[in-house]
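J.: Return atomic coordinates for the entry below.
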Amino acid sequence: MTHETTPRYMPGPFRAGDRCQLTDPKGKINTVSLKHGDEFHTHRGVVKHDDIIGLPDASVVLNSSGVEYLVMRPLLVDFVMSMPRGAAIIYPKEAQAILGQADIFPGARVVEAGVGSGALSLWLLRAIGPQGFLYSFERREEFAEIARANVSTFHGYTPENWSVTVGDLQDALPSTVKPAEADRVVLDMLAPWECVDMVADALVPGGVVLMYVATVTQLSRVVEALRETGQFSHPQSSETIVRGWHVEGLAVRPEHRMIGHTAFLVTARKLAPGTVLPDLKRRASKSDFSAEDLEAWTPGVLGGREISPKSLRKRVRSATESAELSQAPDSSSPAE
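T.: Sure, this is the predicted structure:
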């Protein structure tokens, strides 16, 4: 795949349309999209965008009051944490675990549902490279629009190896992905157990399905659904917890705050046709469940966070404006 412009995330001098992080002496970070003639204003002075455009990445620029700002191109982890959001995003600690546990590799054909605000899409697109292909599915058009804009803003163009289909995965997957065409499937949805059979059809033998679920009731339900099909290996479940450390001279200690539970990750691999999975030797446990237990697993009981239409329209507009600016023709000097 070739593009007339250098991807926005690639190293090199800052250009008009690039995203730029400005860090002040107190460590406060602001992110701006560079545009000829624009300015970044604070109560401590003004930084002109034209003073940044043309500088190497990781340079220092002075504002109108002589205050120093470190200017750097955002890393992907920085971008996803500051980009406009429709749905809640998959945070970097889970995204990085997903890439490893699902074994996302260059050239992989990956199915993703739902796309949300596009955070995981960005990580997956980077991992599969231009030789791979990402099939993303999203039920809500507004979320899909924000995701498209965020991905375009980060790259400076819309990747040719990415498709976004609006609709329910159960209806859209069979008509979009042929049987045994997907190498990996990643599901971030309220009731992923409803899609287990069609995911099995889409995966190649040995392919990996990974499901991102927030609660223990969802975790229990999706693991049992994978087992019931008889088409997957024994599911593996985990959560990711990150704890930072303060290191300053001899003062070395854990940070007072850590990033705890946000979700569970469940992985399993597609068995070859006709394969019967050997039983695991387990200790006696309560593995049965009743109709009352199933009621606790329904999407209605689990619920979901709703966003007001006004707020969603504002987020769509913000994401779209960023995408349009990032894809504007680059120029090393202001327009006449």
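J.: Residue ranges in the chain under the pLDDT threshold?
T.: For the chain, the stretches flagged by pLDDT under 70 are 1-5, 281-306, 310, 328-336.
J.: for it, which residue is closest to the average position?
T.: When Cα atoms, centre = their mean is applied to the chain, the residue found nearest the centroid is residue 120 (1.7 Å).
J.: same for the helix or strand hosting that residue, what does it pack against?
T.: Residue 120 is part of helix 119-128, with elements assigned from DSSP states H and E. Under the contact criterion of 3 or more Cβ pairs under 8 Å, 6 or more residues apart in numbering; DSSP states H and E, helix 119-128 touches helix 76-82, helix 92-101, strand 109-113, strand 133-138, helix 141-155. (Glycine included, C-beta is placed from N, CA and C.)
J.: what about the third one, distance to the chain center?
T.: A distance of 12 Å separates the C-alpha centroid of strand 109-113 from that of its chain, computed with Cα atoms, centre = their mean, to the nearest Å.
J.: what's it in contact with?
T.: For strand 109-113, contacts defined as Cβ atoms under 8 Å, 6 or more residues apart in numbering pick out 104, 120-121, 124, 128, 132-138, 169, 173, 177, 181-189, 195, 199, 202.
J.: how about 7 Å then?
T.: The contact list for strand 109-113 (Cβ atoms under 7 Å, 6 or more residues apart in numbering) reads 104, 120-121, 124, 128, 132-137, 169, 173, 177, 181-187, 189, 202.
J.: now swap in the second one and tell me
T.: With contact meaning Cβ under 7 Å, 6+ apart, helix 92-101 is reached by 77, 80, 119-120, 123, 127, 186, 210, 212, 240, 242, 259, 262-263, 265, 267.
J.: Can you mark which positions in it are buried?
T.: Using 16 or more other Cβ atoms under 10 Å as the test for burial, helix 92-101 gives 92, 93, 94, 95, 97, 98, 99, 101.
J.: show me where the protein has helices.
T.: Listed in chain order, the helices of the chain (DSSP state H) span 49-52, 76-82, 92-101, 119-128, 141-155, 169-176, 196-202, 216-229, 291-295, 299-302, 309-326.
J.: Dump these to CSV, plus distance to residue 248.
T.: Shown next, in CSV, are the helices of the chain (distance: least, Cβ to Cβ, whole Å):
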stretch, distance to residue 248
helix 49-52, 30
helix 76-82, 23
helix 92-101, 24
helix 119-128, 31
helix 141-155, 33
helix 169-176, 48
helix 196-202, 48
helix 216-229, 38
helix 291-295, 50
helix 299-302, 43
helix 309-326, 36
